[in-house]
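A predicted structure for the sequence below; I have some questions about it.
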Amino acid sequence: MDQAARDVLAAHGLADRFGHGTGHGLGLEVHERPRIGQRRVTAPEPPLAAGMVFTVEPGVYVEGQGGVRIEDDVLLTGDGPVRITDVPMS
């Protein structure tokens with residue numbers, strides 16, 4: 001998932017403007033596992049599994065100008081991801 005977000009931003013010339021993770025788990029804490037970002041050998045994350053709720057929030061930041069991060073919340077079901085953020089896509 002993280003690589004897909006990075007690929008889209010890279011296709012638009014923004015790869016170097018995305019310097020953080022793509023998302024994180026949602027539950028009792030504001031930020032919890034799994035951490036959705038570039039794979040780390042030293043601290044691997046558990047695989048995504050049905051029943052997990054997490055954010056997908058890639059962002060772009062331009063030094064001296066600002067940035068934007070749009071967050072969608074997603075429930076992973078046995079049939080795939082379901083976007084639970086209730087905001088129109090267009």
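That came through, no problem.

how about the strands in this protein?
Using DSSP state E, the strands of the chain run over 23-25, 32-36, 53-56, 59-62, 66-69, 72-77, 80-83.

now for the last one, which elements pack on it?
Contacts of strand 80-83 with other secondary structure elements, assessed using 3 or more Cβ pairs under 8 Å, 6 or more residues apart in numbering; DSSP states H and E, are made with strand 72-77. Heads up, the C-betas are built off the backbone N, CA and C, glycines and all.

Grab the CA positions of stretch 34-48 and hand them over as CSV.
What follows is stretch 34-48, C-alpha atoms only, in CSV (Å, rounded to 0.1, in the frame of the first residue of the first chain):
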residue,chain,number,x,y,z
PRO,A,34,0.1,-1.4,12.1
ARG,A,35,2.4,1.4,10.9
ILE,A,36,1.8,1.7,7.1
GLY,A,37,5.1,2.9,5.6
GLN,A,38,8.3,1.7,4.0
ARG,A,39,9.3,-1.7,5.2
ARG,A,40,11.7,-1.8,8.0
VAL,A,41,13.8,-4.9,8.5
THR,A,42,14.6,-4.0,12.2
ALA,A,43,11.0,-3.5,13.2
PRO,A,44,8.6,-5.4,10.9
GLU,A,45,4.9,-4.6,11.1
PRO,A,46,2.3,-7.3,11.3
PRO,A,47,0.5,-8.1,8.0
LEU,A,48,-2.8,-6.4,7.3
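
Distance of the residue lying closest to Ile36 once chain neighbours are set aside relative to Asp7?
Counting by Cβ to Cβ, 6 or more residues apart in numbering, Gly23 is the residue found nearest to Ile36 once chain neighbours are left out, at 3.9 Å. Distance, Gly23 to Asp7, using Cβ to Cβ, to the nearest Å: 16 Å.

Could you check which of the two is surrounded by more residues?
Gly23 (23 against 10; other Cβ atoms under 10 Å).

I'd say that one and Gly59 touch.
No - between Gly23 and Gly59 there is no contact under Cβ atoms under 8 Å: 10.5 Å.
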